[in-house]
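*Asks:* Quick one, structure for this:
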Amino acid sequence: MTDFRLPLGAWVKDFVDLLTDTLSGFFAVIRSIFAGMYDAVNRGLRKAKGEILAYINCDEQYLPGGLNAVWEFFQRYPQVEIVFAGAIITNPDGSFNCFRKTQIPWAAHAQVSILCTLTCSMFFRRSVIDKHKLFFSDAYRDLGDVDWVVRAIQQEIPMKHLRQYTSIFAETGDNMNLKPNAMRERKIVAEQAPLWARKGKPLLEKAYQVSRFLQGGYFQKPLSYSIYTRESPDKRVTFNVAKPTPFWNRVPLAQPA
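*Replies:* Next up, the predicted model:
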């Protein structure tokens, strides 16, 4: 039995009731007031009973077969505690935007530039929270994942990347990482990086790009994926991509009504 923990607020009461009525054997719903997203994630992790843990946000979803691939990967590499898999980024209508093949992050690069992994395709063993006590810092509202990955690297927790797309991230124009608070937190995280990384940011970014190139991160054969969309919330829609690109086309930030 798969154990899902969904930390949800009162504003989604109808959705919670639907889950409770139709999927009561698979979902545990936590009703509470949280001190930000990462506080909610931490509470969910503490209550979860599964061996392999993960979480996704409202603009993300898992691809068919993705979770099975992750489980088999962990079985194949019992010493690995954190797995970063590939993800597909879509446009608001579900059409293809770009692919993101992951590689093991570099702590300094993640601090001064970007985190090359996505939380929707990040999975970890229970030992990460039970043994290493590695929870997300609720001091952040948007970049808690960057802080978490950097601390995981600093603690030398064994990690590996899975060369398979397990997840979808929807570029909607309203994603939290595009908003002012995320920009503010990027500066805070960057200030924690070593001086050499801050001064040498352009060289560090180039070195990371070369590493990504050598690991095949910019190459992908034609692919297809099946997801739920706004127009088809009950049935997956398949998209075929003849010429996939690794270059992310950011959707303009949605303006308040």
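*Asks:* Quick check: Arg100 touching Ala87?
*Replies:* Yes: if you go by Cβ atoms under 8 Å, Arg100 and Ala87 touch, sitting 4.9 Å apart. To be clear about C-beta, it is placed using only N, CA and C from the backbone, and glycine gets the same treatment.
*Asks:* Quick check on the two: which one has the bigger neighbour count.
*Replies:* Neighbours per residue, other Cβ atoms under 10 Å: of Arg100 and Ala87, the larger number sits with Ala87, 25 against 20.
*Asks:* hmm, back to that, intersection of neighbour lists for Arg100 and Ala87?
*Replies:* 118, 169 (Cβ atoms under 8 Å, 6 or more residues apart in numbering).
*Asks:* per-residue confidence at Asn68?
*Replies:* Here, the pLDDT recorded for Asn68 equals 95.
*Asks:* let me fix that: Thr2
*Replies:* Note on Thr2: pLDDT of 44.
*Asks:* Return the set of buried residues in the lengthiest strand in the chain.
*Replies:* For the chain, the strand that runs over the most residues, judged by DSSP state E, is strand 159-170. Going by neighbour count (16 or more other Cβ atoms under 10 Å), the buried part of strand 159-170 is 159-162, 164-170.
*Asks:* do you know how far the residue lying closest to Phe136 once chain neighbours are set aside is from Val112?
*Replies:* Leaving aside its sequence neighbours, Phe136 sits nearest to Tyr38 (Cβ to Cβ, 6 or more residues apart in numbering; 3.9 Å). Using Cβ to Cβ, to the nearest Å, one obtains 21 Å as the distance from Tyr38 to Val112.
*Asks:* Same question for Gln103.
*Replies:* Using Cβ to Cβ, one gets 17 Å for the distance from Gln103 to Val112.
*Asks:* in the chain, which spans are helices?
*Replies:* 13-22, 37-47, 66-76, 107-112, 127-130, 144-154, 180-191, 195-199, 201-214 (DSSP state H).
*Asks:* who does the last one touch, helix- and strand-wise?
*Replies:* It stands for helix 201-214. helix 107-112 (3 or more Cβ pairs under 8 Å, 6 or more residues apart in numbering; DSSP states H and E).
*Asks:* Pull the residues that contact the helix it packs on.
*Replies:* 116, 146, 149-150, 153-154, 189-190, 192-194, 196-198, 201, 204-205, 208.
*Asks:* now stretch 140-155
*Replies:* Under Cβ under 8 Å, 6+ apart, the answer for stretch 140-155 is 36-38, 41, 82, 105-107, 110-111, 115, 117, 119, 122, 128, 132, 134-138, 159, 176-177, 179, 181-182, 185-186, 188-189.
*Asks:* any idea of the mean pLDDT for that stretch?
*Replies:* pLDDT averaged over stretch 140-155 gives 95.
*Asks:* quick one: buried residues of it?
*Replies:* Buried, per 16+ other Cβ under 10 Å, within stretch 140-155: 140-153.
*Asks:* re the thing from before, comparing the helices of the chain, which yields the minimum mean pLDDT?
*Replies:* Among the helices of the chain, helix 13-22 carries the lowest mean pLDDT, at a mean of 47.
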